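Visitor: coordinates only, sequence not included:
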């Protein structure tokens, strides 16, 4: 693959004129990524924060953010309209006073910009926690029709090899219903990254070799996805070696289109998922991108607080490519 997936994203986005809002406009990593996006005419950029503080931070870091729109929640002309819209969306769960206080914070303010069509997508979390990025999205953007839960996946890349892993960051102990939804959503995310998904629902058991509640959960979820989405290549429950090693997979699940050849992995809980993707990253030499949030009405993504500027740039491309 001579052209990387990120070069494909850049070309696609240059042709589409989409906008991204960054919730932490004074952060050096955000400013670095923003300057690259602006220089490449890849995305329109909205930075949140006090304009003087944002411009000062950019000048000190040597970042050219000419062309960026800088919005300060404290001085936003449409603030009252935004408050009224949030009160309506929260339907009695938050008072006007509470909405006004929430919208003074950039995570809520930025999410409402997306909700009101002022921005196409949002990337936050350089200094916020995952919960502080996800909570406003759940309350204001909400799930896509037919979807009841938000999930996440990581895309891992090593050379020309790409794999997807979910859910490694959001649902601590997902129900069978949540596994079904995250399986389908992760397969669709994989497709955006040029992966032809062969999805393995993972377990410590392969086709009944072990017993337990999580085994039943993964087996039942597999059957439900297969019935509802016959177009997807999905199999489970599979141990990891049965999922990736052809000699093991075809011995334990003969004739399976997935066993031994999986490239998209669904974990039974966050413990397994988080540990699994970090083993691949740290010992397997994969670059990990995510968590990519799935199931929302608009792309809202979370950064690791330990991220660097390159990761911010690539996550911005990923987020906008999900539109």
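Guide: Right, received. Where do you want to start? Everything quoted here is computed from the prediction, not taken from an experiment.
Visitor: Next one: the residue nearest to residue 173 when sequence neighbours are not counted from residue 174, what distance?
Guide: Spatial nearest neighbour of residue 173, excluding adjacent residues (Cβ to Cβ, 6 or more residues apart in numbering): residue 269 at 5.0 Å. (Each C-beta comes from the backbone N, C-alpha and C, glycine too.) Taking Cβ to Cβ, to the nearest Å as the measure, residue 269 falls 7 Å from residue 174.
Visitor: got it, and residue 28?
Guide: Note on residue 28: its distance to residue 174, by Cβ to Cβ, is 36 Å.
Visitor: Neighbour count: the two, which is higher?
Guide: A count of neighbours by other Cβ atoms under 10 Å puts residue 174 above the other of residue 28 and residue 174, at 24 against 16.
Visitor: That one: what's it in contact with?
Guide: With contacts taken as Cβ atoms under 8 Å, 6 or more residues apart in numbering, residue 174 has the following neighbours: 149, 151, 167, 182, 268, 269.
Visitor: How is the first one assigned, secondary-structure-wise?
Guide: Three states are possible here, and by DSSP: H, G, I helix; E, B strand; the rest coil the one that applies to residue 149 is coil.
Visitor: In three-state terms, label the nearest residue in space to it that is not next to it in sequence for me.
Guide: Take residue 149 and drop its neighbours on the chain: the residue closest to it by Cβ to Cβ, 6+ apart is residue 178, 4.8 Å away. Recorded secondary structure, residue 178: helix (three-state DSSP).
Visitor: mind listing what residue 178 touches?
Guide: The contact partners of residue 178, taken as Cβ under 8 Å, 6+ apart, are 148, 149, 151, 167, 171.
Visitor: Now the two most distant members of the contacts of residue 174.
Guide: 149 and 268 (15.3 Å; Cβ to Cβ).
Visitor: All the helices of the stretch 151-300 of the chain, residue numbers only.
Guide: For the stretch 151-300 of the chain, the helices defined by DSSP state H, counting those that start in this stretch occupy 176-192, 213-228, 240-244, 246-252, 270-282.
Visitor: Can you find the helix or strand in the protein with the smallest mean pLDDT?
Guide: Across the helices and strands of the chain, the lowest-confidence element by mean pLDDT, DSSP states H and E is helix 130-136, at a mean of 87.
Visitor: Can you list the buried residues in it?
Guide: The neighbour-count criterion (16 or more other Cβ atoms under 10 Å) identifies 130, 132, 133, 134, 135, 136 as the buried residues of helix 130-136.
Visitor: Kindly report the same for stretch 61-80.
Guide: Taking 16+ other Cβ under 10 Å as the basis for neighbour counts, the residues of stretch 61-80 that come out buried are 61, 63, 65, 68, 70, 71, 72, 73, 76, 79.
Visitor: cool, and stretch 206-226?
Guide: Buried residues in stretch 206-226, counted by 16+ other Cβ under 10 Å: 206-207, 214-215, 217-222, 224-226.
Visitor: residue ranges for the strands of the chain, please.
Guide: With DSSP state E applied, the chain shows strands at 19-22, 44-48, 69-71, 121-124, 151-158, 161-166, 198-202, 233-238, 264-266, 287-294, 300-302, listed in chain order.
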